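Trainee: next comes the sequence, and after it the predicted model I'd like to discuss.
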Amino acid sequence: MTYIDVILPLPLKVNFTYAVDDDMAQKVKRGCRVVVPLGSKKHYTGIVDRIHHEVPLGYEVKYAFGLLEEQPAVLPQQLQLWEWIADYYMCAKGDVYNAAVPAGLKLEFKPKVETHVRLTEGYRSEETLQPMLDSLKRAVKQQDLLLSYLQLSAFFEGAPCEVSKQDLLAHHNTSVAVFEALVKRGVFETYPYVISRLPEKEQQVSGLKPLNVYQQRALCQIKQCFEKHSVCLLYGVTSSGKTEIYTHLIEETIRQGKQVLYLVPEIALTTQITERLKKVFGIQIGIYHSKFSDPERVEIWNKQLSDNPYLIILGARSSVFLPYQNLGLVIVDEEHESSYKQQDPAPRYHARNTALMLASMYGAKTLLGTATPSVESWFNATETGKYGLVELKERYQEIQLPAILPVDIKELHRKKMMVGHFSPVLKEKMEEALARNEQIILFQNRRGFAPMVECHDCGWVPHCVHCDVSLTYHKHTNQLVCHYCGYTTAVPHTCPECGSEDLRDRGFGTEKVEDEIREMFPQARVARMDLDTTRSKTAYEKMIRDFEKRRTDILIGTQMVSKGLDFDHVHLVGILNADTMLNYPDFRSYERAYQLMAQVAGRAGRKGERGLVVLQTGHVDYPIIKNVMNNDFEAMVHGQLAERQVCHFPPFYRLVYIYIKHRQQRLTESMTAQMTAQLIIVFGEERVNGPMQPAVARVHSLHIGMIMLKIEATASFAQARKLLLQVEQLMRQDARFKSLQVYYDVDPV
Ligand code: ADP
Ligand code: ZN
Ligand code: ZN
């Protein structure tokens with residue numbers, strides 16, 4: 001008897017085993033999609049992970065219903081990657097399957113199909129066809145139809161083209177019966193033909209842009225570096241032309257017949273880079289991210305399995321999950337970005353680190369590029385020797401990095417000289433820029449500044465009924481929304497606490513900034529790029545295109561405007577309040593604040609003259625502000641490394657956050673306390689921090705407990721994870737804790 005172990009799209013720690021009948025046993029391969037029963041009514045599409053003859057013990061084995069197709073939908077390397085993710089990020093393989101595979105492949109995917117017609121194998125040469133044509137002399141209609149087919153398919157010109165049944169019948173106005181007669185004679189056969197939703201139109205391509213001397217040198221160094229290392233960190237200042245260097249590397253890789261994965265941290269970025277790459281590579285490049293419709297994603301997946309896959313995939317983090325047949329190069333652009341880490345749900349994977357693993361499975365090279373490396377990658381490139389390092393310090397055309405003008409807003413607030421959130425200097429610089437017909441980018445940090453509604457009389461603020469967070473105010477819909485669970489409610493007319501009608505919006509969202517600008521500069525054309533205005537794929541693209549085409553004068557945005565966008569006519573960048581980035585109780589806040597400010601600043605003065613950044617802060621004397629002003633990344637990173645070594649943080653230690661959830665607060669608390677105690681017994685007191693206060697203590701009506709585990713980077717992390725799972729097992733032996741949810745966040749960001 002043959003059995004298969006199947007990965008199901010469910011958060012199960014183990015694979016399920018099914019029996020297969022003889023016919024299926026002949027056909028089944030690892031990676032095939034298979035429909036299997038589970039429970040009494042349900043059936044699922046699973047992925048075959050293992051084929052074997054070991055009789056499962058202890059339960060009655062069910063039969064698999066059937067294979068969806070004989071060709072595997074998931075390649076062995078993908079299964080290997082899933083396994084690594086499930087193990088390293090401590091989640092179920094089913095979670096990985098769910099995240100990796102488009103929903104359409106978990107059902108019976110129905111592509112757009114037409115019925116096409118071709119000659120059966122015996123009649124595909126002129127020698128065999130001619131006697132058949134002659135023999136049809138007494139069946140003129142059939143003969144005519146066959147001749148029409150030969151004409152439509154360009155049979156005599158060599159390579160026959162596709163002919164749909166519909167077109168053929170329409171061509172000669174023939175009845176279906178005539179057609180069927182030819183099928184019966186064994187001349188014609190029909191087959192399903194899948195129509196693509198993917199763009200296939202050949203594009204005008206132009207050649208590569210020649211590199212300048214600095215770029216050439218960097219490219220050379222990268223190639224040398226790849227002789228010794230499989231990973232290279234390209235530390236190149238903003239607008240140094242990293243993208244152009246990538247383009248040259250991509251060209252060389254595909255010339256060798258190998259595939260390239262180009263990862264960007266934000267869907268917004270794919271728009272600009274797609275256009276730049278399409279100019280060089282045309283239809284060899286495929287785009288993949290979560291804003292694509294599911295059928296489109298299924299098509300790309302299937303294309304990557306076919307004989308004619310895209311050679312280049314440009315995408316956001318989920319593109320690490322696509323099938324690759326022959327990967328040669330991975331580029332991780334803006335490698336420092338924390339948006340590469342998936343937060344919720346599982347798998348909580350880091351796409352940069354997963355891409356490194358993917359590349360190593362193919363023996364491919366990885367280039368990490370950024371103007372502000374993550375502390376970890378910097379450490380790997382300068383201390384451990386794991387990565388090579390290539391630096392590029394000159395901006396393209398040797399334009400200087402922008403001048404940074406700090407503005408003390410604490411002082412200005414005291415003197416009542418701020419206009420809303422604008423200092424007189426920023427306002428003046430904006431006036432000048434607009435008068436010169438230049439564009440402006442304003443950056444407002446997102447976190448912690450969700451706009452809220454507040455009662456002016458008693459201070460009441462509306463909270464989510466399911467989560468311990470205040471609700472965010474959406475002005476255009478006049479609704480209050482929970483950004484954790486999506487709970488939505490109308491803004492009340494009166495305060496439920498004191499009955500006052502004086503409810504105001506408080507806080508400092510980008511919407512508020514937009515209103516202030518419209519008041520100050522009524523003539524200016526303003527656009528706002530944040531989570532609310534960019535929900536659809538086209539919204540991003542339109543906003544970026546409008547700004548490129550100078551249909552917008554001022555672009556206000558959150559983190560999104562900091563990430564690698566390339567605009568020609570931006571001279572002035574305003575950072576509205578740097579302090580919002582500095583005050584997080586998080587070991588990465590300093591690093592992240594530096595990266596954000598340096599990146600936003602990097603949008604200024606990319607072409608032509610040197611740009612200007614107005615940096616508003618209440619802490620002009622803070623070292624980090626000095627670091628940003630001096631563009632001194634190395635001072636920042638050395639300070640951070642020293643601190644992290646002392647405080648036992650990455651890259652010297654690996655972190656795992658352990659989360660425990662339950663509806664009952666008491667149960668959550670007691671399990672968190674007991675698990676902390678148990679972890680201390682196993683790992684020792686220095687390695688366990690807990691119970692900790694999570695940022696939000698209740699989400700979706702579940703109370704959350706949190707513990708931090710710190711493991712030396714030099715210790716065996718695999719062993720630590722094993723011990724951690726044993727502790728969880730042990731906890732579950734307590735009957736009270738059976739219904740608690742426990743999950744892990746490995747390498748949290
Ligand atoms: P980075 O990715 O380092 O921020 P980009 O690759 O976006 O820099 O380059 C900045 C700008 O300079 C882009 O508009 C790019 O087209 C232009 N540029 C850079 N290098 C070249 C080159 N060798 N030839 C022509 N234009 C270039
Ligand atoms: Zn009130
Ligand atoms: Zn909520």
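Mentor: Cool, got the structure. Here the structure is a predicted model, which is why all the values come from computation and not from measurement. Ligands and ions are numbered 1, 2, ... in the order given.

Trainee: now do the strands in the stretch 51-200 of the chain.
Mentor: Shown for the stretch 51-200 of the chain, the strands assigned by DSSP state E, counting those that start in this stretch span residues 66-67, 113-119, 188-194.

Trainee: who does the shortest one touch, helix- and strand-wise?
Mentor: Contact analysis of strand 66-67 by 3 or more C-beta pairs under 8 Å, 6 or more residues apart in numbering; DSSP states H and E lists helix 22-27, strand 33-38 as its packing neighbours. Where C-beta positions appear, they are placed from N, C-alpha and C, glycine not excepted.

Trainee: hey, which of these is tucked in deepest?
Mentor: Ranked by average neighbour count under the criterion mean count of other C-beta atoms under 10 Å, these are headed by strand 33-38 at a mean of 19.

Trainee: please name every helix or strand in contact with that one.
Mentor: With contacts defined as 3+ C-beta pairs under 8 Å, 6+ apart, strand 33-38 has these neighbours: strand 2-7, strand 16-20, strand 42-52, strand 66-67.

Trainee: angle of it against strand 2-7?
Mentor: Here the directions of strand 33-38 and strand 2-7 differ by 90 degrees (axes from the mean of the first three to the mean of the last three C-alpha atoms, to 10 degrees).

Trainee: strands of the stretch 401-550 of the chain, start to end?
Mentor: Applying DSSP E, counting those that start in this stretch to the stretch 401-550 of the chain gives strands spanning 403-408, 439-443, 452-455, 472-474, 479-481, 488-490, 503-506, 526-529.

Trainee: actually the stretch 551-700 of the chain, not the one I typed
Mentor: Under DSSP E, counting those that start in this stretch, the stretch 551-700 of the chain gives strands at 554-557, 570-575, 612-617, 653-662, 688-692, 698-699.

Trainee: just put those in TSV and tack on mean neighbour count.
Mentor: Shown next, in TSV, are the strands of the stretch 551-700 of the chain (neighbours: other C-beta atoms under 10 Å):
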stretch	mean neighbour count
strand 554-557	26
strand 570-575	26
strand 612-617	24
strand 653-662	20
strand 688-692	18
strand 698-699	20
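
Trainee: the longest helix anywhere in the chain: which residues count as buried?
Mentor: Assignment by DSSP state H gives helix 665-683 as the longest helix of the chain. Under the neighbour-count criterion of 16 or more other C-beta atoms under 10 Å, helix 665-683 has 667-668, 670-672, 674-676, 678-679, 683 buried.

Trainee: from these, which is closest to Tyr387?
Mentor: Ranked by distance to Tyr387 (C-beta to C-beta), these are led by Phe683 at 29.2 Å.

Trainee: contacting residues around the closest one?
Mentor: Residues near Phe683 by C-beta atoms under 8 Å, 6 or more residues apart in numbering: 709, 711, 720, 723.

Trainee: out of those residues, which is most surrounded?
Mentor: Most neighbours among the contacts of Phe683, by other C-beta atoms under 10 Å: Leu709, with 25 neighbours.

Trainee: tell me where the model's unsure across the stretch 1-150 of the chain.
Mentor: 41, 108, 110-112 (pLDDT under 70).

Trainee: among the contacts of Phe683, name the ones in strands.
Mentor: Applying DSSP state E to these, the entries found in strands are 709, 711.

Trainee: from the contacts of Phe683, which is closest to ligand 3?
Mentor: Taking C-beta to the ion as the measure, ligand 3 sits nearest to Leu709 out of these, at 27.7 Å.

Trainee: look at the residue nearest to the closest one when sequence neighbours are not counted and report its pLDDT.
Mentor: Leaving aside its sequence neighbours, Leu709 sits nearest to Val656 (C-beta to C-beta, 6 or more residues apart in numbering; 4.5 Å). Note on Val656: pLDDT of 98.

Trainee: from Ser125, how far out is the nearest residue to Glu126 once chain neighbours are set aside?
Mentor: Spatial nearest neighbour of Glu126, excluding adjacent residues (C-beta to C-beta, 6+ apart): Phe156 at 7.8 Å. Separation of Phe156 from Ser125 (C-beta to C-beta, to the nearest Å) stands at 12 Å.

Trainee: between the buried residues of helix 665-683, which sits nearest ligand 3?
Mentor: Ligand 3 lies nearest to Thr668 out of the buried residues of helix 665-683, by C-beta to the ion, at 17.1 Å.

Trainee: check contacts around the closest one.
Mentor: Residues in contact with Thr668 (C-beta under 8 Å, 6+ apart) are 660-662, 702-705, 740.

Trainee: make it 10 Å
Mentor: 659-662, 691, 697-698, 702-706, 737, 740-741 (C-beta atoms under 10 Å, 6 or more residues apart in numbering).

Trainee: burial of Leu182, as a residue count?
Mentor: 24.

Trainee: Pro160 versus the closest residue to it other than its chain neighbours, what's the distance?
Mentor: Nearest residue to Leu182 in three dimensions, chain neighbours excluded: Phe188, at 4.6 Å (C-beta to C-beta, 6+ apart). Distance, Phe188 to Pro160, by C-beta to C-beta: 13 Å.

Trainee: given the host helix or strand of Thr366, what are its sheet partners and their directions?
Mentor: Thr366 belongs to strand 365-370 when assigned by DSSP states H and E. Paired neighbours of strand 365-370 in the sheet (DSSP bridges): strand 231-236 (parallel), strand 327-333 (parallel).

Trainee: quick one: buried residues of the longest one?
Mentor: It stands for strand 327-333. Those would be 327-333, for strand 327-333 by 16+ other C-beta under 10 Å.

Trainee: residue numbers of this protein in contact with ligand 1?
Mentor: 209, 211-212, 215, 236, 238-244, 396, 566, 606 (C-beta under 6 Å from any ligand atom).

Trainee: sort out for me which of the residues you listed are in helices.
Mentor: 215, 242-244.

Trainee: most neighbours among those residues, which one is it?
Mentor: For those, the largest neighbour count, defined by other C-beta under 10 Å, is 25 neighbours, found at Lys242.

Trainee: can you pull the contacts of that one?
Mentor: Taking C-beta under 10 Å, 6+ apart, we find Lys242 in contact with 215, 218, 234-236, 331, 333-334, 367, 369-371, 392, 396, 564.
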